[in-house]
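A.B. asks: Take this sequence and fold it.
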Amino acid sequence: MLWGFRLEFKGSLRTKKLWVILGIMMLLYIPGFYIQKSGGVEVETVQEAISTLIGSINGLGGFFISILALLIGATAINSEIEKGTLRVAMSKPVTRLGYIGGKFLAHTVVVALAILLTTLVGVLGLAWLGAPMNGQLITDSLLFNGLLLLAMVQLVALGYIISTTVKSSSNALGVALIIFFIVFMTVPAIVQYMAAKDTLIGDHPDLEAYQAKYKEYQTKYLFYIPTTQIDVIVSDANRITGEAGDLRVEYRGIGRAIRENPVNVGILLGLTLVYLGLAFYRFLRMDLR
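C.D. replies: Now for the predicted structure:
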């Protein structure tokens with residue numbers, strides 16, 4: 001397994017899609033802090049700092065890292081078969097399970113590094129904006145990164161299923177992008193409309209009822225989208241109290257949000273294990289010619 005890990009980790013760091021996606025992400029991500037600084041925006045409290053950091057990572061960063069994770073997985077196996085390198089690897093004293101286990105571990109580390117890079121840039125940007133740096137910011141950042149990594153591992157595993165199903169790596173990339181933009185972006189918009197139709201469209205629109213209904217629908221109908229489950233969990237990190245015109249936001253922390261949403265955390269973990277099991281099973285039984 002360690003041989004496969006070292007080989008795949010070095011190869012992954014040299015792939016163009018990794019650096020192109022990270023480069024585009026940073027080109028869009030970093031200027032945001034400059035714009036805020038130029039506009040005189042300052043982050044004065046830990047609550048604001050954490051909310052800003054999570055929003056930026058889960059928004060722009062999460063979007064690009066999600067694409068990266070899915071594309072990495074979608075070409076993990078079929079590209080090796082096309083190039084003939086998989087047959088060479090299998091000729092060495094390594095089992096199929098050890099090979100795919102090492103490859104998957106390497107891809108997990110690469111995705112984790114991308115998440116850490118995004119978080120580091122975010123923390124430096126917050127420090128530049130004058131945000132207070134303390135233990136709560138670090139703790140909640142680590143907890144959130146753990147959730148995000150679990151979501152990205154799920155997408156890598158989903159990519160592996162595509163890679164062991166679609167023989168052509170170019171076709172697999174197309175399938176992965178179609179899945180991402182239709183299933184992961186279009187369907188959530190439809191579900192959001194369903195929640196709005198049930199609560200906001202009519203004679204008596206109810207914002208609180210909409211928020212509760214949308215959260216219910218996200219868990220019920222979008223369980224297969226890991227980033228959506230993170231949105232549900234993180235939404236409970238803040239509690240809004242008061243009435244219109246006098247709303248107060250109380251930050252309660254990522255740890256508490258995780259404890260209050262065991263179903264969504266369970267969905268994240270459970271579906272990741274299911275995808276991994278299917279991907280490994282298909283690889284162990286597939287024809288590698």
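A.B. asks: ok, residues contacting stretch 154-166?
C.D. replies: Stretch 154-166 has contacts (Cβ atoms under 8 Å, 6 or more residues apart in numbering) with 66, 69-79, 100, 104, 107-108, 111, 169, 172, 175-176, 179, 226, 268, 271-272, 275-276, 278-279, 282-283, 286. Yep, even glycine has a C-beta here, placed from its N, CA and C like the rest.
A.B. asks: Just the ones in helices from those, please.
C.D. replies: Counting by DSSP state H, these place 66, 69-74, 78-79, 100, 104, 107-108, 111, 169, 172, 175-176, 226, 268, 271-272, 275-276, 278-279, 282-283 in helices.
A.B. asks: Can you show me the strands along the stretch 151-289 of the chain?
C.D. replies: Ranges of strands in the stretch 151-289 of the chain, per DSSP state E, counting those that start in this stretch, are 238-243, 246-251.
A.B. asks: Isn't residue 70 up against residue 180?
C.D. replies: Yes. When contacts are counted by Cβ atoms under 8 Å, residue 70 is listed as touching residue 180 (5.8 Å).
A.B. asks: Could you check which of those two is surrounded by more residues?
C.D. replies: Neighbours per residue (other Cβ atoms under 10 Å) separate residue 70 from residue 180, with residue 70 holding more: 24 against 18.
A.B. asks: count of neighbours near residue 94?
C.D. replies: By other Cβ under 10 Å, the burial measure for residue 94, its neighbour count, is 17.
A.B. asks: Is it in a helix, a strand, or coil?
C.D. replies: Following DSSP: H, G, I helix; E, B strand; the rest coil, we place residue 94 in the coil state.
A.B. asks: what's the spacing between it and residue 255?
C.D. replies: For residue 94, the distance to residue 255 equals 40 Å [Cβ to Cβ, to the nearest Å].
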